[in-house]
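Trainee: What would the 3D arrangement of this be:
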Amino acid sequence: MYLDSSVLTKFFSAEPDSEACAAKVAGSFIVSSELAYGEIFSALLRKERAGSLSRSFRERGWEKFENRIADQSLFLAKLDGNTVRLAKDIMLRLHPRVPLRTLDAIHLATCISIVAGPLFTTDKRMRDAATALNLPLAD
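Mentor: Residues are numbered from 1 along each chain as shown. I've put the predicted structure just below:
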């Protein structure tokens, strides 16, 4: 199952729907883009700045993230030029119906490139884009 950063973040800092998301992916091979490495760290820092996460919880969340990569329960697909070019093509294909942001387009391009199963995202724009691209979505 391909997870974008909106879902991955829920595994490394508590959010209201973290448990439901964990239940949904239980037993699945989890894949995301190498892009998530920076996005997860940024999300944890943002939560710390906002006061919803202490420094120690942010550090523990990051440690959990790196441990998931190390124990291979989370695979991050390499980001390369082909993926970025495919992301550009996706943005153009969906324009103007779905105004994709660059990083969302890169996640979609990665998902398409590696055939990782259904896409799991909580982002409405990403879901709209996936539907327009006929990508399977996790319910």
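Trainee: show me where this protein has helices.
Mentor: Along the chain, counting by DSSP state H, helices occupy 5-8, 18-25, 35-50, 55-70, 81-94, 102-114, 124-132.
Trainee: Dump those helices into TSV; add mean neighbour count, mean pLDDT and distance to Ala138 as well.
Mentor: The C-beta positions use only the backbone N, C-alpha and C, and glycine is treated the same way. Formatted as TSV, these follow (neighbours: other CB atoms under 10 Å; pLDDT from 0 to 100; distance: least, CB to CB, whole Å):
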stretch	mean neighbour count	mean pLDDT	distance to Ala138
helix 5-8	23	95	9
helix 18-25	14	95	6
helix 35-50	17	97	16
helix 55-70	15	98	18
helix 81-94	15	98	19
helix 102-114	22	96	11
helix 124-132	18	96	10
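Trainee: what's the closest of the ones you listed to Asp139?
Mentor: helix 18-25 (8.1 Å; CB to CB).
Trainee: Distance from the chain centre to that closest one, please.
Mentor: In terms of CA atoms, centre = their mean, to the nearest Å, the centre of helix 18-25 is found 14 Å from the chain centre.
Trainee: contacting residues around it?
Mentor: Residues external to helix 18-25 that are found in contact with it (CB atoms under 8 Å, 6 or more residues apart in numbering): Met1, Leu3, Val7, Lys10, Phe11, Phe120, Thr122, Ala138.
Trainee: ok, the third one - contacts?
Mentor: This means Val7. Val7 neighbours (CB under 8 Å, 6+ apart): Cys21, Val25, Phe120, Thr121, Thr122.
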